[in-house]
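[1] A structural model of the following input is requested.
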Amino acid sequence: MTTDSLLLGSAIIGRSNQVSISGQGTRLAAQSMTLGTSDSRTYLTLSDGAELSSTNGILISTISSINNPTRGTLAVGGPVVTDPNRTDIDSTTAGTAQAAGRLDPQTAINFGTGNGGHLAFNHTDTDLQVANTLNGTGRVYAFNGNTTLSGDLTGLAGSVVVRGGRLVLSGNVDQVNQRGNTATTQSLSRFNVGKGTLVVNGIAGRTEFGTYTNSAQVLDGGVLAGVGQVGTTQVASGGTLSPGENAIGALAIQGDLDMAAGSRYAADIAGDGRADKINVSGTATLRGTQVNVTALDPAQSYQGCRTYTLLSAQGGVVDGAAAGTAYAQALTNSAFLNVGLQRTANDLNLTIEQKSVEPTPTPTPTPTPTPEPTPTPEPTPTPTPTPTPTPEPTPTPTPEPAPTPGIFQTVMLTQNQFNTAGALSVLEQSGEPLRLYNNLLVLDAESARNAADQLSGDYLGSTSTALIANSQVVSGVLGTRMRNLLDTGTLRMPAMALNLMPSTPTTQNGAWVQPFGNWTKTSGNNGAGGLHQSTGGLLFGADGSFTPDWRGGVYAGYSRLKFDADDSDADGHSDNYHLGLYTGGQIDALRLSADVGYTWHKLESERNVAFAGFSDHLTGKRNAQSLQASGEAAYRIPVGSMALEPFAGLSYVRYDAKDLHEKGGPAALDVSSDKQDTFFSTLGLRASSSINVANVNTQVYGSVGWRRAYGDLDPRNVQSFAGGPNFEVQGVAQTRDTALTEVGAKLRLNRQTDLDLSYQGQFGTDTRFHSVNAGVTVRF
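    Okay, here's the model as predicted:
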């Protein structure tokens, strides 16, 4: 039944019917409802938002003959099927999970007596709340999805079977005798958990006729969790007990506990002496269980040894392990903690402390050899010479003792990781710094290195590399502008161009505008992650002639440079405001050009630090300025219809960044101001020629070159965490040697207007740069 409504007075759905109620807007309502008959099992599937209600409840079990166990099944979500030839709890299996339907919370579900009625959850919902009353001795199955039974469960007995997903029993279970008031007819509730999680937050079972009515069995892949009470419990190899389920809590066992070899106890630890705990009224037998320390209290220092009671048993804690094996073993993935277990008559205690760090061995000094004494010469008769004294050996200097590394430095590999870990190792042992410290303590070595990479903030230093490199883009735009200016006169054109390109007066003034954009990928180096960046901007200017052979002008502009870190969740941008001067002249075949400019940078950054148990969102703003000056000399050589032009250039960039103070949690960094001086030299060869394209005079040009960088190529930030010492982190370095390419075309649209289109590429060991430019010049 889909997308419809059906109202019934009373309904008996039997005779092996497969009934499906599915889809939003579909609703089945009845005064009363019975699933199944004494002859066959009936399946009612409720899925995809459909609604089901019954004023007098739903009966999922009728018994007319003790020899005929077939009953009804209500499946929420996807379908399930029961093998009619089996009666064990795994006789029912699940099909494909689907979105759940909705049970009217006022509809009680009654299983009657026996185990013939089944309620199965096989859905895809992440938080399905079922507030219905459940009564009787049927079976509740969980196959998929996250389900919470928050209704009245006091009358529920029978079996709870978990084979996937997560099932939460919020209230008390099995508090009413369903079969009469004699010892032979008392009801029993059994929990069986495999490949899923059962959370018990109420009291399951009761003592009746001297016997506790509940029991639990945890199989391989199953987890029994919560803060409630269950009966005698067996945990098989691969099964897990987790009191509290990811929070501090106590689980009570009314009866005995038996933990097989290979079973697990997942323990959360608090710093105030509290820890997860299991309280057993009978005997606890440990046959080789693993105690996994999964979380620490973020507010307690573990630099001293601490002891926690994880298990108390009134009947005693018994070593049931095979000969030659341990009854239990404390395990942690941490590279920085030592954990151990101590068993007393009635308790199992956990000890936990931070590992001690051995100082780096001081090298043994090499002793200075004692010089051989000068032999005393044979005496002459007169006078007797004084013997030469034996020289004293030079004392060997005692080497300075090597410093003891910090706890987190012991597993680091790169210099950035090591420096960052040194600062993390001495964080304050209180408040937010301690929370960060303790979350690092539980990490394994690889995870700790990943955390140090994120916490280092190397991305913040790498942005200066991008901004310094980007200054060469502005210089390149100005260089192209000067070449175009000096090529407009007849003396500046190659021979072929004299007939194709209309000359313009060399004293003519002009205005121009040029948008530009580029994309750059810089691979990681210096222990810093790689960086993607993209730039879009607009430059405009005006220029004129000082003499027939010398011109100059002024420019201004705006650009935005976007950053995106390769190996961390960090990005940002810089708004750049440009202002400067440029000039150039042509002396016969020699062309000289120069420019000087100043750029104001307004940087904003955003990064996320996240590792097991910890996350922090950090933002920062920073101002910076850069001064850039460039000069180039080129010599034009006509070759037939072409012109070749070898050139050499030199550029200087002074970058000055102010302090940066990130906002966020304990991972926020305070970064000191930074100054860098970088030089670039360029050698290359250009070629140009003039052609006619669709009656448009066009100059095509290209170049190849080599650029080398000098000076401050490795950006180094001095930074600190709140209240911590300074440490140095390197950003990604400038590429020292880069191959340059350029191709372009200048179209003479008319005597007053030129259109210039070009592409530049830069290719280095760690860098790939691509830029496209389009410029318009108007002369007046």
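
[2] CA atoms for contacts and neighbours, from now on please.
    OK.

[3] and Pro548, how far from Gly585?
    Counting by C-alpha to C-alpha, to the nearest Å, the separation of Pro548 from Gly585 is 9 Å.

[4] wait, Asn292
    On the measure of C-alpha to C-alpha, Asn292 and Gly585 end up 77 Å apart.

[5] these two - which one has more neighbours?
    Gly585 (23 against 19; other C-alpha atoms under 10 Å).

[6] could you please name the strands the helix or strand containing the more buried one pairs with and the direction of each pair?
    According to DSSP states H and E, Gly585 maps onto strand 569-587. Applying DSSP bridges, strand 569-587 is found paired with strand 550-565 (antiparallel), strand 590-611 (antiparallel).

[7] looking at those strands, which is closest to Asn110?
    strand 590-611 (46.4 Å; C-alpha to C-alpha).

[8] the residue lying closest to Thr148 once chain neighbours are set aside: what secondary structure?
    Distances taken as C-alpha to C-alpha, 6 or more residues apart in numbering put Val168 closest to Thr148, at 4.6 Å, once the chain neighbours are dropped. Three-state assignment for Val168 (DSSP: H, G, I helix; E, B strand; the rest coil): strand.

[9] residues contacting Val168?
    Contact partners of Val168, counting by C-alpha atoms under 8 Å, 6 or more residues apart in numbering, are Thr147, Thr148, Leu149, Leu198, Val199, Val200, Asn201.

[10] packing partners for the host helix or strand of Val293?
    Val293 is part of strand 289-295, with elements assigned from DSSP H and E. Under the contact criterion of 3 or more C-alpha pairs under 8 Å, 6 or more residues apart in numbering; DSSP states H and E, strand 289-295 touches strand 264-268, strand 328-331.

[11] and the first one, what does it pack onto?
    Taking 3+ C-alpha pairs under 8 Å, 6+ apart as the contact definition, the neighbouring helices and strands of strand 264-268 are strand 240-243, strand 289-295.

[12] in the stretch 451-600 of the chain, which segments are predicted with low confidence?
    487-508 (pLDDT under 70).

[13] kindly report the same for the stretch 651-780 of the chain.
    In the stretch 651-780 of the chain, residues with pLDDT under 70: 775, 777-780.

[14] same thing but at 90, please
    Applying pLDDT under 90 to the stretch 651-780 of the chain flags residues 674, 688-702, 713-715, 717, 723, 731-735, 744-762, 764-780.

[15] can you list the residue ranges for strands in it?
    Using DSSP state E, counting those that start in this stretch, the strands of the stretch 651-780 of the chain run over residues 660-661, 669-671, 674-693, 696-711, 716-721, 727-730, 737-748, 753-764, 767-779.

[16] can you put those in TSV and add mean neighbour count?
    Shown next, in TSV, are these (neighbours: other C-alpha atoms under 10 Å):
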stretch	mean neighbour count
strand 660-661	20
strand 669-671	23
strand 674-693	18
strand 696-711	18
strand 716-721	22
strand 727-730	22
strand 737-748	20
strand 753-764	18
strand 767-779	19
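
[17] so for Gly320, which of those sits nearest?
    Among the strands of the stretch 651-780 of the chain, if distance is taken as C-alpha to C-alpha, the winner is strand 716-721, at 49.4 Å.

[18] now do the contacts for the closest residue to Ser758 other than its chain neighbours.
    The spatially closest residue to Ser758, leaving aside those adjacent along the chain, is Gly744, at 3.9 Å (C-alpha to C-alpha, 6+ apart). With contact set as C-alpha under 8 Å, 6+ apart, Gly744 has these partners: Val700, Tyr701, Gly702, Asp756, Leu757, Ser758, Tyr759.

[19] nearest to Gly262, of the residues you listed?
    Tyr759 (64.8 Å).

[20] the closest one reaches Val743, doesn't it?
    Yes. Counting by C-alpha atoms under 8 Å, Tyr759 does reach Val743; the two are 5.5 Å apart.

[21] picking up where we left off before, what angle sits between the strand holding Val293 and strand 264-268?
    Here strand 289-295 runs at an angle of 30 degrees relative to strand 264-268 (axes from the mean of the first three to the mean of the last three C-alpha atoms, to 10 degrees).

[22] and the angle from the helix or strand just after strand 289-295 to strand 289-295?
    Toward the C-terminus, strand 289-295 is succeeded by strand 306-313 as the next helix or strand (DSSP H and E). Taking the same axes, to 10 degrees, one finds strand 306-313 and strand 289-295 inclined to each other by 130 degrees.

[23] packing partners for strand 306-313?
    strand 277-280, strand 347-354.

[24] one more time with 10 Å
    Strand 306-313 is packed against strand 250-259, strand 264-268, strand 277-280, strand 284-286, strand 337-343, strand 347-354, with contacts defined by 3 or more C-alpha pairs under 10 Å, 6 or more residues apart in numbering; DSSP states H and E.

[25] now do it, average pLDDT.
    Averaged across strand 306-313, pLDDT comes to 91.

[26] what are the contacting residues of the following helix or strand past that strand?
    Downstream of strand 306-313, the first helix or strand assigned by DSSP H and E is strand 317-319. With C-alpha atoms under 10 Å, 6 or more residues apart in numbering as the test, strand 317-319 has contacts from 257-258, 280, 282-288, 311, 325-328, 343-348.

[27] residues contacting the closest residue to Ala131 other than its chain neighbours?
    Closest residue to Ala131 apart from its sequence neighbours, by C-alpha to C-alpha, 6+ apart: Gly151 at 4.0 Å. Residues counted as contacts of Gly151 (C-alpha under 10 Å, 6+ apart) are 105-106, 108, 129-134, 169-172.

[28] go again with 7 Å.
    With contact taken as C-alpha atoms under 7 Å, 6 or more residues apart in numbering, Gly151 is in contact with Val130, Ala131, Asn132, Thr133.
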